[in-house]
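Visitor: Sequence first, predicted model second:
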Amino acid sequence: MKLKQHFPLLVLITLSAALLVVLPLFRFFALQPQQDALQQLEPSFQFRVFFLGLTDGLWKAVLILLCFWSGVGINRLLLRIQDSAKRKLAMNGVIFGSLFLCVVLPILGLILTYTFFSPKESWVQLPDPPEAARTISGGIYNRIIIETEKGNYFSHTIPDDGLGWLADEKPDASLLPEMGESASPNIEAPGVSTNLIGVPAYPGSTQKIYYAILEDHTVWYLPQTGNTFFTTALLAAVSIPILIGGLLMLLGMGTISILDILAERI
């Protein structure tokens with residue numbers, strides 16, 4: 001009778017102990033493909049790497065079990081409610097509330113963050129240069145230099161600082177990236193472009209600012225004003241652990257309920 005009564009907890013304790021052993025061992029054996037590289041290190045460093053691998057696996061197992069067993073504990077607390085109607089209502093409230101707070105809300109937050117913080121990109125036309133633009137001779141994140149059909153050079157600050165086009169000298173070749181390295185923009189130019197380049201949005205950036213000269217000799221640029229990826233990744237770093245923790249807690253509640261049913265049928 002006692003075995004039947006404690007059957008669910010015995011099963012969960014056994015599975016928890018197995019996880020505390022298996023996950024560190026998995027992290028340990030995951031380092032084996034790097035054995036050749038590790039053998040070049042001193043023995044003390046090799047020991048430290050393997051020790052950190054085991055510790056990392058152990059901590060992950062502990063965090064998983066904390067979330068899982070919190071669900072088991074909540075289930076046991078709810079079962080103490082004597083009134084069946086109130087107990088069912090409380091159980092449904094905890095389940096659906098957890099789903100909303102730990103699953104739906106983080107996912108919705110990621111979607112809304114990506115939607116609202118997505119840069120509203122559009123091409124911007126610069127004032128007409130003093131002479132008809134022929135080619136783009138150089139560009140950086142805040143400045144474009146063009147060569148006109150008369151062979152003169154003019155530069156303009158990005159965004160427009162009110163000074164307009166200024167006479168300039170032929171720029172150094174480093175200010176003109178190779179066309180092969182300039183990926184196409186996500187938004188097509190507002191007309192047929194005769195010259196198009198992309199430059200880093202800021203020093204060291206992988207994002208691009210695009211400059212284009214159209215067939216009508218107008219000069220345009222496409223700014224990169226958003227930091228959607230960084231903002232979404234930052235929110236994901238917080239939301240995903242909450243989501244996983246919530247799912248593990250619900251898994252604990254569901255598992256102990258299933259084991260209770262199985263124990264009654266033994």
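Guide: Received the coordinates, thanks.
Visitor: So what touches the helix or strand hosting residue 146?
Guide: Residue 146 belongs to strand 143-148 when assigned by DSSP states H and E. Strand 143-148 has contacts (Cβ atoms under 8 Å, 6 or more residues apart in numbering) with 126, 129-139, 153-158, 168, 170-171, 175, 211, 213, 219, 221. All C-beta atoms are positioned from the backbone trio N, CA, C, and that covers glycine.
Visitor: quick one: that strand to chain centroid distance?
Guide: Chain-centre distance of strand 143-148: 37 Å, with Cα atoms, centre = their mean, to the nearest Å.
Visitor: helix or strand for residue 251, which one?
Guide: Applying DSSP H and E as the criterion places residue 251 in helix 228-265.
Visitor: Please apply the same query to residue 127.
Guide: With DSSP H and E as the test, residue 127 turns up in no helix or strand.
Visitor: Find the residue closest to it in space, skipping its chain neighbours.
Guide: residue 164 (5.8 Å; Cβ to Cβ, 6 or more residues apart in numbering).
Visitor: what's around that neighbour, how many residues?
Guide: When counting by other Cβ atoms under 10 Å, one arrives at 14 neighbours for residue 164.
Visitor: Residue 26 now?
Guide: By other Cβ under 10 Å, 13 other residues sit near residue 26.
Visitor: Next, the contact list for it, please.
Guide: Contacts of residue 26 (Cβ under 8 Å, 6+ apart): residue 57.
Visitor: How much space separates residue 199 from residue 15?
Guide: Applying Cβ to Cβ, to the nearest Å, the value for residue 199 to residue 15 is 56 Å.
Visitor: Equivalent analysis for residue 87, please.
Guide: 26 Å.
Visitor: do the same with residue 112
Guide: From residue 112 over to residue 15 the distance is 37 Å, taken as Cβ to Cβ.
Visitor: Of those two, which one has the most company?
Guide: Per other Cβ under 10 Å, whichever of residue 112 and residue 15 has more neighbours is residue 15, with 14 against 11.
Visitor: and that one, how far is that from residue 259?
Guide: With Cβ to Cβ as the criterion, residue 15 and residue 259 are 10 Å apart.
Visitor: After the helix or strand of the chain with the lowest mean pLDDT, which helix or strand is next?
Guide: Within the chain, no helix or strand scores below helix 35-38, which has a mean of 60 by mean pLDDT, DSSP states H and E. Remark: after helix 35-38, the chain's next helix or strand is helix 43-79, criterion DSSP H and E.
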